[in-house]
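Student: Fold the stuff below for me.
(4 chains)
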Protein chains: 2
Amino acid sequence: MTKIIIYEDNASLLESLESLLSLTGRYEVVGAFLHCQQVVEQVNTLMPNLILMDMDLPEVSGVEAVKRIRQIDTMVQIIMLTIFDDNEHVMEAMYAGANGYLLKKHASEKLVNAIEEVMAGGAPMSPSIARMIINNMQQPQSIVANNYQLTLREKEILQQLSQGNSFKMIAAALSISLDTVRTHIKRIYEKLQVRSQIEAVSKALNEKLV
Amino acid sequence: MTKIIIYEDNASLLESLESLLSLTGRYEVVGAFLHCQQVVEQVNTLMPNLILMDMDLPEVSGVEAVKRIRQIDTMVQIIMLTIFDDNEHVMEAMYAGANGYLLKKHASEKLVNAIEEVMAGGAPMSPSIARMIINNMQQPQSIVANNYQLTLREKEILQQLSQGNSFKMIAAALSISLDTVRTHIKRIYEKLQVRSQIEAVSKALNEKLV
DNA sequence: TTCTATATCACATGATAAGGGTATTGCACG
DNA sequence: CGTGCAATACCCTTATCATGTGATATAGAA
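Tutor: Predicted structure coming up:
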């Protein structure tokens, strides 16, 4: 049976959620709290499989609580409960380690469904948040064509450099002379408009050239 | 009116999709193709607002097509059509720049809905893919506590180093002597277990220490 | 108060990198 | 059949970095 802890500062909502879950017979509410100050101890003691966490808790916010939980437990599933879904706090919570979220106004109809999804390894979230997230991850492949016209060999050497290899090591790894490595590096610096290893590596890693 | 291009190698499905969309009266199908070899030209010429792209096209895959489209147009909305949703190709497509996807078996009921969502700035996707994506972005804040016990000053210096600054520049920026920078750097190397700038920067950037 | 951690500075030596040339080979393209 | 480019290689000089050893000042913990 799925063990659940609920954090929700609205006492009546907390009670509703508890009854709703208990009535299904499939979930055991092992804890229900109005704040999450002792969240770490509670998770450690009660060992839930799932946590319903209100986003807007007094004192310690739900997002902060998620971060704390993830320090000690990476397995427990966490669903955020929130009133609005059009703000960055939801993104932040997902980054912090939440597995999904549910609008409070949809709680009664969709709660059980969301729990099933999360326990099955899914992540219930609204399309608009999903969009924010994918926009976020698409940025790296920058549109401003990070095209410095590096040749294959140059990219190879830049890659090696970015992994922390010295000129000597690169020469050995690629079976070419130290001086050849130097020559390539010079060209790379010209093309990237930098003057040292670190600048090149910094640029390469930041712009995902490697 | 929303202008749409459809890519789908199954001719009868292509036709169904086309009629389905035309019948709503809200969409104009300005192009319908069995392959996406000329995707760039077609997008440039037809200037659609939305593209329905089959994942499994012969010759040039749907994912490849998305990449090409994103080279020339970052605004057009792209919905992937796929048979399975439990594979990495979907993730790959989202990374490449797709805005959402739809299982073919759900096309008839959910297509219009998915289009509305995408045009409204959402990203329709299944919970399992959403989960993959958020798992992906949570990794950086590694659980294996990237705790090298760096002091504040050391972090500051490592940060400067990661931005491509030389010892001299760091000394100037922090108003300390070159030798002091050296001393800090030595400690940083010891703590990170590295032997050179690049290794340190590489480690710092990869493990998000900065 | 004494110990410890942090931050600061100095000097010295050998290693590595930066920046300037120059040159050969092979391959593709009009 | 040159021309241009990529990849290879060598030389030289100067600048920067790696590393060791030692020292001072200061704030907080034992």
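Student: For the rest of this, base every contact and every neighbour count on C-alpha atoms.
Tutor: OK.
Student: could you pull out the strands for chain A?
Tutor: Residue ranges of the strands in chain A, as given by DSSP state E, are A:2-7, A:27-33, A:50-54, A:77-82, A:100-103.
Student: how about JSON lines for those, with mean pLDDT and mean neighbour count added?
Tutor: Converted to JSON lines, the strands of chain A look like this (pLDDT from 0 to 100; neighbours: other Cα atoms under 10 Å in any protein chain shown):
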{"stretch": "strand A:2-7", "mean pLDDT": "95", "mean neighbour count": "21"}
{"stretch": "strand A:27-33", "mean pLDDT": "95", "mean neighbour count": "18"}
{"stretch": "strand A:50-54", "mean pLDDT": "95", "mean neighbour count": "25"}
{"stretch": "strand A:77-82", "mean pLDDT": "94", "mean neighbour count": "25"}
{"stretch": "strand A:100-103", "mean pLDDT": "89", "mean neighbour count": "24"}
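Student: quick one, helices of chain A?
Tutor: A:11-24, A:39-46, A:62-72, A:88-96, A:107-119, A:127-138, A:152-162, A:167-174, A:178-192, A:197-206 (DSSP state H).
Student: Just put the strands of chain A in JSON lines and tack on distance to B:I115.
Tutor: Output for the strands of chain A, formatted as JSON lines (distance: least, Cα to Cα, whole Å):
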{"stretch": "strand A:2-7", "distance to B:I115": "36"}
{"stretch": "strand A:27-33", "distance to B:I115": "36"}
{"stretch": "strand A:50-54", "distance to B:I115": "31"}
{"stretch": "strand A:77-82", "distance to B:I115": "26"}
{"stretch": "strand A:100-103", "distance to B:I115": "22"}
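Student: Spell out which parts of chain A neighbour DNA strand D.
Tutor: Taking Cα under 7 Å from any atom of the strand as the measure of proximity, chain A contacts DNA strand D at A:151-154, A:175-180, A:182-184.
Student: Quick one: buried ones out of those?
Tutor: A:E154, A:H184 (16 or more other Cα atoms under 10 Å in any protein chain shown).
Student: What about DNA strand C: which of the residues of chain A next to DNA strand D touch it?
Tutor: A:R182, A:T183.
Student: Next, the contact list for A:G100, please.
Tutor: A:I78, A:I79, A:M80, A:M94, A:V118, A:A123, A:P124, A:M125 (Cα atoms under 8 Å, 6 or more residues apart in numbering or on different chains).
Student: residues in chain A within reach of DNA strand C, list them.
Tutor: Counting by Cα under 7 Å from any atom of the strand, chain A comes close to DNA strand C at A:S166, A:F167, A:K168, A:R182, A:T183, A:I185, A:K186, A:Y189, A:R195, A:S196, A:Q197, A:I198.
Student: switch the cut-off to 10 Å
Tutor: Proximity of chain A to DNA strand C (Cα under 10 Å from any atom of the strand) is limited to residues A:161, A:164-171, A:178-190, A:193-201.
Student: which of the residues you listed are buried?
Tutor: Buried among the residues of chain A next to DNA strand C (16+ other Cα under 10 Å): A:161, A:164-167, A:170-171, A:181, A:184-186, A:188-189, A:194, A:197-201.
Student: burial count for the closest residue in space to A:I69 that isn't next to it in sequence?
Tutor: Once flanking residues are discounted, A:I69 sits nearest to A:V40: 6.0 Å by Cα to Cα, 6 or more residues apart in numbering or on different chains. Neighbour count for A:V40, taken as other Cα atoms under 10 Å in any protein chain shown: 17.
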